[in-house]
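Trainee: Got a sequence here, can you model it:
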Amino acid sequence: MSSPATPPRSLAEALRGRDDASLAALLRSRPDLVTPVPTDLTQLATRAGTRASVVRALDRLDRFTLQTAQALAVATDPASYTDLLGLMAGDAGDPEVAAALPHALHQLREQALVWGGDDRLRLVRTARELLAPSPQHPSPTGLGPAAAEAAAGMSPGRIQEIVTTAGLPTTHDGVSAVTALTGLFTDRGRMTALLAGAPEEAREVLTRLMWGPPYGQVTADPAAHLRWLLDRGLLLPTAPGTVVLPREVALHLRAGRAHRTPEPLPPAVETGTAHRPETVDSTAAGQALTALATVEELLKDWDEGGPAVLRAGGLSVRDLKRTAVALDVPEPTAAFWVELAYAAGLIASDGEADERYAATPAYDEWLALPAPERWARLVTPWLTATRTPGLVGGRDAKERTLSALGPGLDRSAAPEVRHRVLTLLAALPQGSAPHPESVLARLHWERPQRREEDLRTRLARATLTEAELLGVTGRGALSAHGRALLGLPAPAARPDGDAAGEPSGPGDKLPVHHHRRPAPAAPLSAAARADAAAAAARLLAPLLPEPLDHVLLQADLTAVAPGPLQRPLANVLGMLADIESKGGATVYRFTPASVRRALDAGRSAAELQDFLTTHSRTPVPQPLAYLIDDVARRHGRLRVGAASAYVRCDDDALLNEILADKRATGLRLRRLAPTVLAAQADPATLLEGLRAMGFAPAAESAEGDVLVTRPGAHRTPPRTPPEPVPDGPPVPDAALLGAAIRAIRAGDLASTTPRKPSGPPPASGELPRTSAAETLATLQAAVLTGEAVWIGYVNAEGGASQRVIAPVRVEGGFVTAYDHTADEVRTLPLHRITGVAELADD
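Mentor: Numbers count the residues shown, from 1 in each chain. As a prediction, the model looks like this:
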């Protein structure tokens, strides 16, 4: 490892020595630095050292890289690579740590958290302040302050006493005394000899404090073994009754290690169970089919207008329970399906006065697609959604209940965690399902600094559950179409037909090449996601059964659909019968109410009989034929119209029966004529009341015609799906990176180009100031000589910048020049130029 010939004196100088590829890597890993684009490298370095940016960068470090940064925070400033290796590997050395340390240091340098050569490594000041140990913010290393920091408040006389008792010669001042004491503590041989004479109880105290916390309590008259430690500076007072173990002493006791357990290797994701890949794919395909059916059932239930929108937004607890009962799933699962349909743009608020949720026009387009494409339309937004259904039912910061479809459910970490969990599954041998705890351990190693650790754990567990519900995984293992959804190639197969790397049994671990561990794959762009979704749909298509055009009618008034039905058949059968059970086969049950529903929709008994005969592989059972004929015979004998409401019937005996029924009391009926009854209820209430009494009334129009009541589909106006809430600025693409680097380089050239002295030089970052006459004269002279000049310029928005230009023409209050900063010819108004200076000859 070599150091540069001229070591940089600041982070800005270190950045100035980087090539474009290295700067692009920095801006890609820390996208907040490029928003907005810095004017030059000095501003980039300043921005890279701000607290918010450094905290964000530290949050994205893996555990070992973070441990390396923590070790630099407790090392001398600057530190050499040898010092850093000693803190990480200890005096005895550790081959794994030594092999992984260069990669960790490269990551810190790439992200501008560390700069300098290997002989002068410097952690940026803000990172050192965040990671260095203090009484208010203990370091994860468990180390305390250095001896010089701990002794800063002690009297020089007391320090001299400690030096003398430790066997060191006295010095002329406290600073040299502390230096001598630090030299003793960092000398392994002399420290070993000093501790050899320590009482046993004193060594026990040091052992307890060695790995932290390094602070302890003592009385005004400490015990003899504590006095022995205090007199030799092995414990130093920090406050009345409080002592601390100096950092150098702790490092000696630890054999030089800053961390008790360095973790250079990411924990392996362990295989829980192994299945045949074909089994995984077929199971996942079955789950995908169930997911489509569940979403269809949800939207069909809301087809005529769903539940009301709460005033604060979202679905009420009661409506969520009703939805869960309708879908026959637990409430958390119902919240997931509702949020999934919302993320896919299939449901939204209708925006009317009595605001309700309803299907969007996109739902009708979605229904017309083939099943594989419908599945892809569901899982693609799921991968990038920031809304988190698992939070439904919890409380926000103001102790308000979080509701499905309501505000407060966005968590920007969700897409990253979701993508990472699936990527870890893809790294396992094909057909292998992981131990969930090993996945969580791996995620925690990759992002140990995250403050919402509990949230990330919940998100990871939810991802495993939701992926299974959607058919992305089958039996816990990633399916072939799930792999394609991530944009990953299919794994290579062994010559014997088994998947490459197939585990031999439960408990096998995923082999990981730790020292050259690749960075986690970045999520796909929008175009790449669309291509991946299309590829996943193509892989899923052969695994899904073809829709059937028939059912099996049974004598117990049920029909069995042995698979998914063609849409026209499913629609009519759903109107004629009620779904009794779902699964591999769907069971429909015919009831008087369901048959009446079909008759109300305008179907005749003959049409229903013909429909069943056409689409049944078995003869129409006699009980079912009798049921249809019986309901049809009674259907419409009673007619309900609007007076407020009336009932008419040619059979006055039937009307007498209604009047005599106690259940009709609430309808407040009275006879107007032998065949007509009037009610004080509205027609809809009257229809429901008569049907509850076992009659089969039909609504009629003002002309006396039977009203056909087909369910009217309620749709919202066109709606766009909810946008994910990003976790900070987006990662810039290659075009933006190239443009930003060119602008930064040009701005840096303008700010650092040597200039001829003309009066007092402007302070760093300030624009040059000259009079209008001087500016005009200098620019005209530059046109004649063809030389470049340095100018200050303020644009129309008030933004100030420095530029290096080569003037070509000055006329009409404008200067036309080649702008080295923008790398183009530009025409600039003279009144916006604050000043001008000639460049130095070199």
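Trainee: From now on I want contacts and neighbour counts done on CA atoms only, so please keep to that.
Mentor: Will do.
Trainee: which residues does Gly747 contact?
Mentor: Thr39, Asp40, Leu41, Ser801, Gln802, Arg803, Thr821 (C-alpha atoms under 8 Å, 6 or more residues apart in numbering).
Trainee: cutoff 10 Å now
Mentor: Gly747 makes contact with 38-43, 741, 753, 801-804, 820-822, according to C-alpha atoms under 10 Å, 6 or more residues apart in numbering.
Trainee: Surely Glu352 is in a strand?
Mentor: No. According to DSSP: H, G, I helix; E, B strand; the rest coil, Glu352 belongs to no strand; its state is coil.
Trainee: Next one, pLDDT for it please.
Mentor: With respect to pLDDT, Glu352 has a value of 85.
Trainee: repeat for Pro277
Mentor: So Pro277 comes in at 94 (pLDDT).
Trainee: Over to Thr283?
Mentor: Taking Thr283 on its own, its pLDDT is 94.
Trainee: same check, this time on Glu703
Mentor: 64.
Trainee: sorry, back to before: among the contacts of Gly747, show me the least confident.
Mentor: Across the contacts of Gly747, the smallest pLDDT goes to Thr753, namely 65.
Trainee: Would you agree Thr770 is in contact with Gly835?
Mentor: Yes. Under the criterion of C-alpha atoms under 10 Å, Thr770 makes contact with Gly835 at 4.4 Å.
Trainee: For Trp337, give me its contacts.
Mentor: Taking C-alpha under 10 Å, 6+ apart as the contact definition, Trp337 lies against 291, 294-295, 298, 323-324, 327, 329, 331, 343, 389, 466, 469-470.
Trainee: same thing with Pro135?
Mentor: Residues near Pro135 by C-alpha under 10 Å, 6+ apart: Gly144, Pro145, Pro213, Pro214, Tyr215, Thr238, Val244.
Trainee: Now the nearest residue to the last one once chain neighbours are set aside, what are its backbone angles?
Mentor: When the adjacent residues along the chain are set aside, Val244 lies closest to Tyr215, with 4.4 Å between them (C-alpha to C-alpha, 6 or more residues apart in numbering). Backbone torsions for Tyr215, taken as degrees, to the nearest 10, come to phi -100, psi 150.
Trainee: Contacts only, for Tyr215.
Mentor: Per C-alpha under 10 Å, 6+ apart, neighbours of Tyr215: 135, 142-144, 209, 235-238, 242-246.
Trainee: that older thread, got a PyMOL select line for the buried ones in the contacts of Trp337?
Mentor: Buried residues within the contacts of Trp337, by 16 or more other C-alpha atoms under 10 Å, are selected in PyMOL with:
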select buried, resi 291+294+295+298+323+324+327+331+343+389+466+469+470
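Trainee: Now do the helices in the stretch 601-750 of the chain.
Mentor: Taking DSSP state H, counting those that start in this stretch to define them, one finds helices in the stretch 601-750 of the chain at 605-615, 622-634, 652-660, 683-692, 734-752.
Trainee: now the ones you listed in CSV, with distance to Ala673?
Mentor: Output for these, formatted as CSV (distance: least, C-alpha to C-alpha, whole Å):
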stretch, distance to Ala673
helix 605-615, 31
helix 622-634, 21
helix 652-660, 9
helix 683-692, 18
helix 734-752, 83
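Trainee: Ala79: which of the ones you listed is closest?
Mentor: Among those, the nearest to Ala79 by C-alpha to C-alpha is helix 734-752 (29.0 Å).
Trainee: quick check, distance from the closest one to the centre of its chain.
Mentor: How far helix 734-752 lies from its chain's middle: 31 Å, per C-alpha atoms, centre = their mean, to the nearest Å.
Trainee: what element comes up after that helix heading to the C-terminus?
Mentor: helix 772-785 (DSSP states H and E).
Trainee: Kindly export the helix or strand that that following helix is followed by (C-alpha atoms) in CSV.
Mentor: As assigned by DSSP H and E, the chain's next helix or strand after helix 772-785 is strand 789-794. Extracted as CSV, the C-alpha positions of strand 789-794 are listed here (Å, rounded to 0.1, in the frame of the first residue of the first chain):
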residue,chain,number,x,y,z
VAL,A,789,-9.9,35.7,-17.4
TRP,A,790,-11.6,34.9,-14.1
ILE,A,791,-15.0,36.5,-13.4
GLY,A,792,-17.6,36.6,-10.7
TYR,A,793,-21.2,36.2,-12.1
VAL,A,794,-24.7,36.5,-10.6
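Trainee: And strand 789-794, how far out from the chain middle?
Mentor: With C-alpha atoms, centre = their mean, you get 44 Å for strand 789-794.
Trainee: Could you figure out how far the next helix or strand along the chain from it is turned away from helix 734-752?
Mentor: Per DSSP H and E, strand 789-794 leads on to strand 800-811 as the next helix or strand towards the C-terminus. Put simply, strand 800-811 runs at 80 degrees to helix 734-752, going by axes from the mean of the first three to the mean of the last three C-alpha atoms, to 10 degrees.
Trainee: And strand 800-811, what's buried?
Mentor: For strand 800-811, the neighbour count (16+ other C-alpha under 10 Å) marks Ala800, Ser801, Gln802, Arg803, Val804, Ile805, Ala806, Pro807, Val808, Arg809, Val810 as buried.
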